[in-house]
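Undergrad: got a structure for you, letters missing:
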């Protein structure tokens, strides 16, 4: 069974994607932020995902500004290299609500990942098709 790690702090997206993926018989690892990924990774008995879906904008205790607030979009960008370190051979698809082309380009340049999808355009069915295409290729 294909194992999908979903990392998103917005419960509505997490529930929608999880429900559709489970219906298609994917095994889901559902995590809300980088902090939960760290915890998951530290337990070496946890299975490795086959593919990761990462929301680029989320809250985290590990990634804070000097004023103590989560860095929003920067959280996913800063966390991306650690995620690649944890799971070096696992493809990562990035979801975002960032529409500004300049900011989207910054995300691509910083992560080196061109697999960037707008959440608003990525229905659960679209996500399933994207995952199937990614795992085939």
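TA: Sure thing, it's come through. Computed from a predicted model, the values in this text were never measured in an experiment.
Undergrad: What score does the residue nearest the centre of the chain have for pLDDT?
TA: Central residue of the chain (C-alpha atoms, centre = their mean): residue 54, 0.8 Å from the mean position. pLDDT recorded at residue 54 is 92.
Undergrad: for residue 38, same thing?
TA: At residue 38, the predicted lDDT confidence score is 89.
Undergrad: Likewise for residue 69?
TA: Residue 69 is assigned a pLDDT of 40 by the prediction.
Undergrad: how about the strands in the protein?
TA: For the chain, applying DSSP state E gives strands covering 3-7, 27-31, 51-55, 92-96, 116-118.
Undergrad: between those, which one is nearest to residue 17?
TA: Across the strands of the chain, residue 17 has its closest neighbour in strand 3-7 (5.7 Å, C-beta to C-beta). Where you see a C-beta, it was placed from the backbone N, CA and C, and this is true even at glycine.
Undergrad: how far off strand 51-55 does the closest one point, in degrees?
TA: Angle of strand 3-7 versus strand 51-55, following axes from the mean of the first three to the mean of the last three C-alpha atoms, to 10 degrees, is 10 degrees.
Undergrad: picking up where we left off before, mind putting the strands of the chain into CSV with distance to residue 125?
TA: Output for the strands of the chain, formatted as CSV (distance: least, C-beta to C-beta, whole Å):
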stretch, distance to residue 125
strand 3-7, 15
strand 27-31, 16
strand 51-55, 14
strand 92-96, 15
strand 116-118, 13
